[in-house]
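> With the input below, show me the fold.
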Amino acid sequence: MEDKQTIEDINREFYDFRYEETEENTFRLESGLTPEIVTKISDEKDDPDWMREFRLKSLETYNYLRVPKWGPSIDGLNIDNIATYVRPKTQMSGKWEDVPDDIKETFEKLGIPEAERKSLAGVGAQYDSELVYHNVQNEVSKQGVVYLGFEEALKSPEWGPMVKEYFMTLITPKDHKFAALHGAVWSGGSFVYVPKGVHLSFPLQSYFRLNARGAGQFEHTLIIVDEGADLHFIEGCSAPKYNEANLHAGAVELFVKKGAHLRYSTIENWSKNMYNLNTKRARVEEGASIEWVSGSFGSHVSYLYPESDLVGRGAKSEFTGITFAGAGQELDTGAKMVHLAPNTSSLISTKSISKGGGVSIYRSAVYIDKNATGSKTSVSCESLMLDSESRSDTIPAMVIKTDECDVGHEAKIGRISNDAIFYLMSRGIPEDEARSMIVSGFANPVSKELPLEYAVEMNNLIKLEMKGNC
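As a prediction, this is how the structure comes out:
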């Protein structure tokens, strides 16, 4: 079979399968954003009164906040054309066999059940606006770990008060326009609570699939890792490609208590008609640590900058990320570290690859407060451009309020070395394979930090992108 020769032909092939909406299988609210639509979402979910009020106040905030102007253009996104709530006509199930066949086939193709059986302690699967499957291994439940769909936790007599206490306190509707949008129309997502001292030996995972055209996905993830506990949480997402804009504006709030540890791994592989305006933030207390491992491969435009607020003495944060921007993509990614206590430390290590006219922008911010004496931070960003049409920008920012700290920053931007290509070809390696080997080697420090199935996915995506460059 003859190889296809464009990114569009190759890169999305595995993820572009989809099922057409019908009145029999899908419920969809009208497009746009009005108080009536927000109220209908609240009615659909049977929200408690406080959440209904929160949604409407968030909408008011959304209406007066302006669209950010400093990043890539999102002029192609018109909220009047986005359906903010679309759900399959099925109930969430804890049994895989009870999930409707078309949805089950979708997640089977993505490997979710297989991953659960092999290596996961619990899985949540969201399809459009709602969870359709959620299951936790008995061994995990016996340790007191709580892993629920977000709406289930919200309405739970036991966990509802905790949801109310923490919900949108790290990410507030006033932070920016799309945080306010999220507060108004959020739907689905996960709630995790790990009790004091509990160490999970296997990860938990959520997977988000947006099947609907002209729609948005707005899941909310709230994770609380109590004192001395340890958790690895994995997030994956994908969507088929349409010839109209889709929107992702989820929110992730992570609370890492004293002496706890959280590793948060994610691969964002949205289709190239997606506007990915996601917000992620962690609060890290005394002696606690968080590790972010992030891969950004999809979407037409991305704004994605996970933030760590280091609020306790000795708190630590590490961010390791890779971005691959192909034709028609502007991916604006990075991280933010906020040092608010003494002896805190942070590390940002990112790599970006651009080809086919793609634009990769690294944007970071480090803030060290006057009270954060003895703190350390190190920032390293490397960018690789595979042709003369592509672009890579580095936009770091640092605000340092104390002299008693250690700050380092380095950045490298370049192209594949012709000498390296020549050397590999002189050893009998074809040129396209040589280029692929160099790119894979460049990305290896990130891929080795990912869970096995996601490392394989990332490497396959890079190989497919390189094949499109032949």
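
> Return the set of buried residues in stretch 308-324.
Within stretch 308-324, the residues that qualify as buried are 308-312, 314-324, counting by 16 or more other C-beta atoms under 10 Å. Where you see a C-beta, it was placed from the backbone N, CA and C, and this is true even at glycine.

> cool, stretch 46-58 as well?
47, 51-52, 54-55, 58.

> Using a markdown table, lay out those residues together with pLDDT and secondary structure.
Formatted as a markdown table, the buried residues of stretch 46-58 follow (pLDDT from 0 to 100; DSSP: H, G, I helix; E, B strand; the rest coil):
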| residue | pLDDT | secondary structure |
| --- | --- | --- |
| Asp47 | 95 | coil |
| Met51 | 97 | helix |
| Arg52 | 97 | helix |
| Phe54 | 98 | helix |
| Arg55 | 97 | helix |
| Ser58 | 98 | helix |
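
> Phi, psi for Phe178 please.
Backbone torsions for Phe178, taken as degrees, to the nearest 10, come to phi -90, psi -20.

> wait, isn't it in contact with Asn276?
No - the criterion here is C-beta atoms under 8 Å, and Phe178 misses it with Asn276 at 10.3 Å.

> Please identify every residue contacting each of these two.
In the contact map built from C-beta atoms under 8 Å, 6 or more residues apart in numbering, the residues linked to both Phe178 and Asn276 are Tyr303.

> Can you tell me which of the buried residues of stretch 308-324 is closest to Gly295?
Using C-beta to C-beta, Ile322 is the member of those that lies nearest Gly295, at 5.3 Å.

> need the next SSE after the strand or helix carrying that closest one, C-terminal direction.
Using DSSP states H and E, the element containing Ile322 is strand 316-325. For strand 316-325, the succeeding helix or strand toward the C-terminus, using DSSP H and E, is strand 330-339.

> Show the subsequent helix or strand relative to that following strand.
According to DSSP H and E, the helix or strand after strand 330-339 is strand 345-354.

> helices or strands next to the following helix or strand past that next one in the packing?
Under the assignment DSSP H and E, the closest C-terminal helix or strand after strand 345-354 is strand 359-368. If you count contacts as 3 or more C-beta pairs under 8 Å, 6 or more residues apart in numbering; DSSP states H and E, strand 359-368 packs onto strand 316-325, strand 330-339, strand 345-354, strand 375-385, strand 391-400, strand 405-415.

> For the fifth one, buried residues please.
In terms of neighbour count (16+ other C-beta under 10 Å), strand 391-400 has its buried residues at 391-392, 394, 400.

> Now tabulate those in CSV and tack on pLDDT and distance to Ser349.
CSV is the format used below for the buried residues of strand 391-400 (pLDDT from 0 to 100; distance: C-beta to C-beta, whole Å):
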residue, pLDDT, distance to Ser349
Arg391, 89, 21
Ser392, 89, 16
Thr394, 88, 13
Ile400, 96, 20
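
> Identify, from the residues you listed, the entry nearest to Lys257.
Using C-beta to C-beta, Ile400 comes nearest to Lys257 of these, at 27.6 Å.

> give me the number of residues near Ser265?
Residue neighbour count, defined by other C-beta atoms under 10 Å, stands at 22 for Ser265.

> so after the host helix or strand of it, what's the next helix or strand?
Applying DSSP H and E as the criterion places Ser265 in strand 261-269. For strand 261-269, the succeeding helix or strand toward the C-terminus, using DSSP H and E, is strand 274-277.

> Strand partners (parallel or antiparallel) of that next one?
As defined by DSSP bridges, the strand partners of strand 274-277 come to strand 246-248 (parallel), strand 301-304 (parallel).

> Which among those strands is found nearest to Val359?
Minimum separation from Val359 across these (C-beta to C-beta) falls at strand 301-304, 9.5 Å.

> mind listing what the helix or strand that the closest one is followed by pairs with, with the direction of each?
Counting by DSSP H and E, the next helix or strand C-terminal to strand 301-304 is strand 307-310. Using DSSP bridges, strand 307-310 pairs in its sheet with strand 279-284 (parallel), strand 330-339 (parallel).

> Just give the strands next to the next helix or strand after the shortest one in its sheet, each with its orientation.
Reading on from strand 279-284 to the C-terminus, the next helix or strand found by DSSP H and E is strand 289-296. According to DSSP bridges, strand 289-296 forms sheet pairs with strand 261-269 (parallel), strand 316-325 (parallel).

> Mind listing residues that contact strand 289-296?
For strand 289-296, using C-beta under 8 Å, 6+ apart, the contacting residues are 254, 256, 260-269, 276, 280, 282, 284, 302, 304, 306, 308, 315-324, 331, 333, 335, 446, 449-450, 454, 458.

> before we move on, the earlier item: okay, the strands paired with strand 274-277 in CSV with mean pLDDT and mean neighbour count next?
Shown next, in CSV, are those (pLDDT from 0 to 100; neighbours: other C-beta atoms under 10 Å):
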stretch, mean pLDDT, mean neighbour count
strand 246-248, 91, 25
strand 301-304, 93, 25
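
> Looking at these, spot the one closest to Thr39.
strand 246-248 (20.3 Å).

> Any stretches of the stretch 351-470 of the chain with poor pLDDT?
For the stretch 351-470 of the chain, applying pLDDT under 70 flags the ranges 417, 445-470.

> thinking again about what came up before, which one, of the helices and strands packed on strand 359-368, ends up nearest to Pro173?
strand 330-339 (18.7 Å).

> and the closest one, what's its mean pLDDT?
Averaging pLDDT along strand 330-339 gives 96.

> what angle do that strand and strand 345-354 make?
Counting by axes from the mean of the first three to the mean of the last three C-alpha atoms, to 10 degrees, strand 330-339 lies at 170 degrees to strand 345-354.

> chain center to strand 330-339: distance?
Relative to the centre of its chain, strand 330-339 is centred 12 Å away, using C-alpha atoms, centre = their mean, to the nearest Å.

> what do you get for stretch 188-197?
For stretch 188-197, the distance to the chain centre is 17 Å (C-alpha atoms, centre = their mean).

> residue ranges of the helices in the stretch 101-250 of the chain, please?
Shown for the stretch 101-250 of the chain, the helices assigned by DSSP state H, counting those that start in this stretch span residues 101-109, 112-119, 138-142, 150-155, 160-166, 177-185.

> Run through the neighbouring helices and strands of the fifth one.
The reference is to helix 160-166. Here helix 160-166 touches helix 150-155, strand 220-225, going by 3+ C-beta pairs under 8 Å, 6+ apart.

> By mean pLDDT, show me the worst of those.
Between these, the one with the least mean pLDDT is helix 150-155; it has a mean of 92.
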